[in-house]
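Asker: Dropping the sequence and predicted coords here.
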Amino acid sequence: MEIIQLNNITKKYKNKVIFSDVNLAIPSGSFTVMMGESGSGKTTLLNIIGGLEPQTSGEVIIEQQNIKNFSARQRVDFYRHKVGLIFQGSYLQPQLTLFENISLPGIFAKIPKVNRDQRIKELARELGILEVLNSLPSQVSGGQAERACIARALLLNPKIILADEPTSNLDEKNANIILHLLNNIRLQQGITVVVSSHSQLVARFATQLVTVKNGTIYVQ
């Protein structure tokens, strides 16, 4: 069954058409990889799914709910609890510790501190970053920073993880570790993982491969 459905999605910037009439069904529990060169539109498509930018026309359906029907407040609340985001280049606040960075979604969602702290420690233990939780992003390795981003994305128990180039700043060894972590989380918790990437290493993990090229998508 599809957890995400894109119906006739078109995206334009001024007079430039990024893609037109895109239709895509993403199965629940899949590891979907969107492949494409820089500028192909794969990140834009991921951002539209994640509610980070609007489509010009068309519908985004998540868990059989049309996002267009939500009020602004409902949309924020829906995405906060249903979708976890992992941004390119980790995107951690440099002045905050890993613990503080991971806690941010829980603070915005008004999760009680005791519950929030317990969940952070559980995730940090599972992801192998418990010993560096009180370190700043600049004091840890790229792999540890990426794990902190995964923990932050998982904090509110989302059904979907969206990751934009999660291995772009990592060497092959650490990239493999991060991809195995994401895949294990998917298998153990039934989470749907959607990744944008241009890496063939990432593509090997795909249960659904979507190629974005010249404003069109091809599904394998």
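Answerer: Ah, there it is.

Asker: Tell me where this protein has strands.
Answerer: Using DSSP state E, the strands found in the chain span residues 2-13, 16-27, 31-35, 57-62, 65-66, 83-86, 160-164, 192-197, 208-213, 216-219.

Asker: Using CSV, lay out the ones you listed together with mean neighbour count, distance to P94 and mean pLDDT.
Answerer: From N, CA and C alone the C-beta is placed, and that goes for glycine too. Formatted as CSV, these follow (neighbours: other C-beta atoms under 10 Å; distance: least, C-beta to C-beta, whole Å; pLDDT from 0 to 100):
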stretch, mean neighbour count, distance to P94, mean pLDDT
strand 2-13, 17, 30, 94
strand 16-27, 16, 31, 92
strand 31-35, 24, 28, 96
strand 57-62, 17, 32, 95
strand 65-66, 12, 36, 93
strand 83-86, 23, 17, 91
strand 160-164, 24, 19, 94
strand 192-197, 25, 24, 95
strand 208-213, 18, 31, 93
strand 216-219, 14, 36, 89
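
Asker: Make JSON lines out of those and add distance to A72.
Answerer: Listed next are the strands of the chain as JSON lines, based on distance: least, C-beta to C-beta, whole Å:
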{"stretch": "strand 2-13", "distance to A72": "20"}
{"stretch": "strand 16-27", "distance to A72": "24"}
{"stretch": "strand 31-35", "distance to A72": "27"}
{"stretch": "strand 57-62", "distance to A72": "15"}
{"stretch": "strand 65-66", "distance to A72": "15"}
{"stretch": "strand 83-86", "distance to A72": "16"}
{"stretch": "strand 160-164", "distance to A72": "20"}
{"stretch": "strand 192-197", "distance to A72": "24"}
{"stretch": "strand 208-213", "distance to A72": "28"}
{"stretch": "strand 216-219", "distance to A72": "29"}
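
Asker: Tell me which of these lies nearest to S138.
Answerer: strand 83-86 (19.1 Å; C-beta to C-beta).

Asker: Tell me which strands that closest one pairs with, and in which orientation.
Answerer: Sheet pairing of strand 83-86 (DSSP bridges) gives strand 160-164 (parallel).
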